[in-house]
Each structure stands twice: as C-alpha cells, then as structure tokens.
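Q: just the structure for this:
(one chain, ligands or ions: 1)
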Amino acid sequence: MTTVADEVLGVEAAHILQVYKRLPLVLVRGAGARVTDSDGREYIDLLSGIGVASLGHAHAGLARAIAAQAEELLHTSNLFFHPLQGQLAARLARLSGLPRAFFCNSGTEAVEACLKFARRYWHTTGDPRRTEIVALERSFHGRTFGSLSVTSGAPYRAPFAPLVPGVRFAAPDDPDALRRTVTSATAAVIVEPIQGEGGVWPLSGTMAETLTAVCEETGALLIADEIQCGLGRTGRPFHSATLGLRPDLMALGKALGGGVPVGAALLSERVAGAVAFGDHGSTYGGNLLACRAALVFIDALENGLTARVAEAGTRVERGLRQLAQKHAAVGEIRGAGLMWGMEVDGGVADRIVPAGLERGVIVNRTAGNVVRLLPPLTISDGDIDAGLARLGEALEDAS
Ligand SMILES: Cc1ncc(COP(=O)(O)O)c(C=O)c1O
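A: Now for the predicted structure:
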C-alpha cells in the first residue's frame, strides 16, 4: 500500500531541486512543542524549524491574528503606507535601542541589507573606498551572495566563487587577530553574538570587549547578526546587549514571525541618515501579514516570554549536563537560554538525529559533531524533561 509519506517523497524526488538532505519524515500537524507525522507519530520538537516556531506550533493567538489579517488586507507593496510597519518598527526600536527598521523576508536578506547600508554609510560620508567587511571564522550569515561572502565555511563558498571582494576573516577567539584585521579600511564588522551553525559558540567577554574597542578606534561599524540567537532566545531580548556590544546595525529573522517569513535590518540614526530613497527595497518586505505575525510575537516576548526562556534555559542546561555525566560520548556543552550545543563523538554524531526520531524527539546536528537544540521559546517544563529523556535514550542507542 502506498502511504502518504511514499507519495510525498516520490513527488519531491521528481520535482524538487535536491538541495536539502531531508530526513524521511513528513510532518503534517503541530501543537506547542510537539509535531505529528503522516503516520500519526508524535515527536517532541527541540528544534522548532531551526529556531523559527518561536511561539510553538499552531499557536492560537498567532493563528487568529493571521486569519483576521487575511480577511482584512494582506499586502499593499511599499508604494503605500499601512498601519502595521511603523508599529512593529517602534516596538523593535524599544527592544533593541536601534530606532529604524528595514523589513524583508528572511535572515539572509536582513544580512544583505545590513551589508549594503554599511557600505552606503561610508559612500555617503565621503569615504567610498572604505569597503572591507570583517567577519569571524566559523560564521554563518546566509546563502545569498553578500551574506555568503561573510560566511566562512569553504563548502558553502567554494562552488560560487568569486564572491563579494574585500571580506577578511578573523579567528573567533583571538582578540589580537581581530585587532590586526580591523583597520581604517574596514566598513563594518559582522558577528553572531552566539555562532549558531558553526557549532553554538558564544562570543567570549574578551572578544566582545575587543570588538567594541577596535570599532571605536577605527570607526568601523558593528553589525550584530541576531537572526538565530536574538529575540528572546537567550532569555534576554538580544545577546549582543548581554555581551555589552552596541551594534550600529542588527539583522533579525527566524523567531520574529513565529513561522511567517519576516526579516529585519535595524539601524542607528547615524547609519540610517546615510541611506537615501531608492537605495534598497523589497516587494513583500514588511507586508501586513508579516507585521501582524511579528507583532503577536513581540507582544508575547514583552509579556513574560523572555523571563520564561531564562527559567526554561536553566532547566535545559541542567538536563544536558546530567546527560553529559551519564554518557561518555558527550563532550562540551555550550549555549544560553534555549540555544544549546552538545558536542558528541563522531560516530554518535552520525547516528544521533535518526536515533532521536526513533525515540520521538527532534534535534539537529551542526558543525559535524554538535547536537543543537533550539526548542520553541514556549516549551513547557514537562516537554523539556520528556524531550531530554528521549534524547538520553537516543544517545544510548547511538553509542
Ligand atoms: C546567524 C544566522 N544568520 C543568517 C541566517 C540566514 O537566515 P535565512 O535562512 O532565513 O536566510 C541564519 C540561518 O540559519 C543564521 O543562523
């Protein structure tokens, strides 16, 4: 008998561009931190679609807001005003301290926008040859040409060379190397306050201090890529603030729409003042659907969600450290709030994700040997405990 999964996998094999190595699982429904596949099996979702389903799956308030918006007006283009873009920008300004927003539809577009605005700043202020961008090794900022150019991994980059010129990489844990790399030719430095795809590496306090110092000394702008670690993920609105960084630009995406595609570049007034009409744009960017979803998310964030993440994060960290004590295959554990990476031995890394699915828990493997957890920000204590218990069983199976 042909199952729904067979049909889905079959039509994909015939017609979908094969750029994703998918797990053979067809997800059809969700509720909170749980998702159900086409065979009716339920999984505890400790990944939330790579940090996107921030309010959990099928969040009733988000669903109602999206439906109501669809019945009113979904899209106007940016040729006209609508009531929600300014509201969302003002809320983000309060949270971030960056007073202006440009809206787009994904993380990579938010990074592209930040890079363009940084270049534009020096062009406008009379230093058009100041074009270099400094990024960190182990970085991931996206897959379009600009963001790919500041992403360090060779496998992402090599097939698409030549990339945007003038990008220099510094070691993520070497303050002296950073000092040598950022110069008066640097337009901007871009960093993830916690590197995500690279293996969940929080930027150290010393690196953050050096970053602030070199940007001050050289005048280079600072771009914080908060796409994965921002918007409450660490139990604070933005991890750059936790580190004492004062970015001139910030890239947002993922959690912002709770599953509705929306990205944003936030700018200081100084940088925003250098950008002119027509410099950048997006047909969809900041449409009513995206803004309405993001406003629901920001409402939740400002009404106790960040505090809840901090509490839930302590529970997850404690659980992961217990797993590390029990399982010889587990190495270093890194992260904050509800963003965690757990190093495991190579063989276990190969098997842990399918072993997790067998046990009914979704986790992700990144940077070769890191098991990554990015659960919904709303995950309950019960689902944390049950999810980690299943992860423990999967570790046993995979060892
Ligand atoms: C830190 C960071 N920046 C940028 C991106 C790119 O975002 P998107 O996949 O929405 O284009 C990602 C995605 O994983 C990310 O983690």
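Q: ranges for the strands of the stretch 151-300 of the chain?
A: 167-170, 186-191, 194-195, 201-202, 221-225, 249-252, 263-267 (DSSP state E, counting those that start in this stretch).
Q: can I get these in a markdown table with mean pLDDT, distance to Leu288 and mean neighbour count?
A: In short, each C-beta sits where N, CA and C put it, glycine included. Converted to a markdown table, the strands of the stretch 151-300 of the chain look like this (pLDDT from 0 to 100; distance: least, CB to CB, whole Å; neighbours: other CB atoms under 10 Å):
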| stretch | mean pLDDT | distance to Leu288 | mean neighbour count |
| --- | --- | --- | --- |
| strand 167-170 | 98 | 36 | 20 |
| strand 186-191 | 98 | 30 | 26 |
| strand 194-195 | 98 | 32 | 26 |
| strand 201-202 | 98 | 36 | 21 |
| strand 221-225 | 99 | 26 | 28 |
| strand 249-252 | 99 | 18 | 29 |
| strand 263-267 | 99 | 15 | 29 |
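Q: excluding its backbone neighbours, what's nearest the residue of the stretch 251-399 of the chain found nearest the ligand?
A: Distances between the stretch 251-399 of the chain and the ligand by CB to the nearest ligand atom are smallest at Gly253, namely 4.5 Å. Nearest non-adjacent residue to Gly253, counting by CB to CB, 6 or more residues apart in numbering: Gly107, 3.2 Å away.
Q: how much space between the one you found and the ligand?
A: 2 Å (CB to the nearest ligand atom, to the nearest Å).
Q: pLDDT score for that residue?
A: With respect to pLDDT, Gly107 scores 98.
Q: isn't it right up against Leu256?
A: No - taking contacts as CB atoms under 8 Å, Gly107 lies outside contact range of Leu256: 9.4 Å.
Q: any residues in contact with both of these two?
A: Residues touching both Gly107 and Leu256 (CB atoms under 8 Å, 6 or more residues apart in numbering): Gly263.
Q: how about stretch 165-177 as PDB, C-alpha atoms only?
A: What follows is stretch 165-177, C-alpha atoms only, in PDB (Å, rounded to 0.1, in the frame of the first residue of the first chain):
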ATOM      1  CA  PRO A 165      35.500  41.000  -2.600                       C
ATOM      2  CA  GLY A 166      37.100  42.700   0.400                       C
ATOM      3  CA  VAL A 167      35.900  40.300   3.100                       C
ATOM      4  CA  ARG A 168      38.500  39.400   5.800                       C
ATOM      5  CA  PHE A 169      38.100  36.700   8.400                       C
ATOM      6  CA  ALA A 170      39.400  36.800  11.900                       C
ATOM      7  CA  ALA A 171      39.700  33.900  14.400                       C
ATOM      8  CA  PRO A 172      36.600  34.000  16.700                       C
ATOM      9  CA  ASP A 173      38.600  33.500  19.900                       C
ATOM     10  CA  ASP A 174      41.800  35.600  19.200                       C
ATOM     11  CA  PRO A 175      41.400  39.200  20.200                       C
ATOM     12  CA  ASP A 176      44.900  40.100  18.800                       C
ATOM     13  CA  ALA A 177      43.900  38.700  15.400                       C
END
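Q: for Ala31, which three-state class applies?
A: Following DSSP: H, G, I helix; E, B strand; the rest coil, Ala31 is assigned to strand.
Q: is it in contact with His59, as I believe?
A: No - contact criterion CB under 8 Å: Ala31 and His59 do not qualify, at 9.2 Å.
Q: can you list the residues of the stretch 251-399 of the chain near the ligand?
A: For the stretch 251-399 of the chain, the residues in contact with the ligand (CB under 6 Å from any ligand atom) are Gly253.
Q: no more questions from me, cheers.
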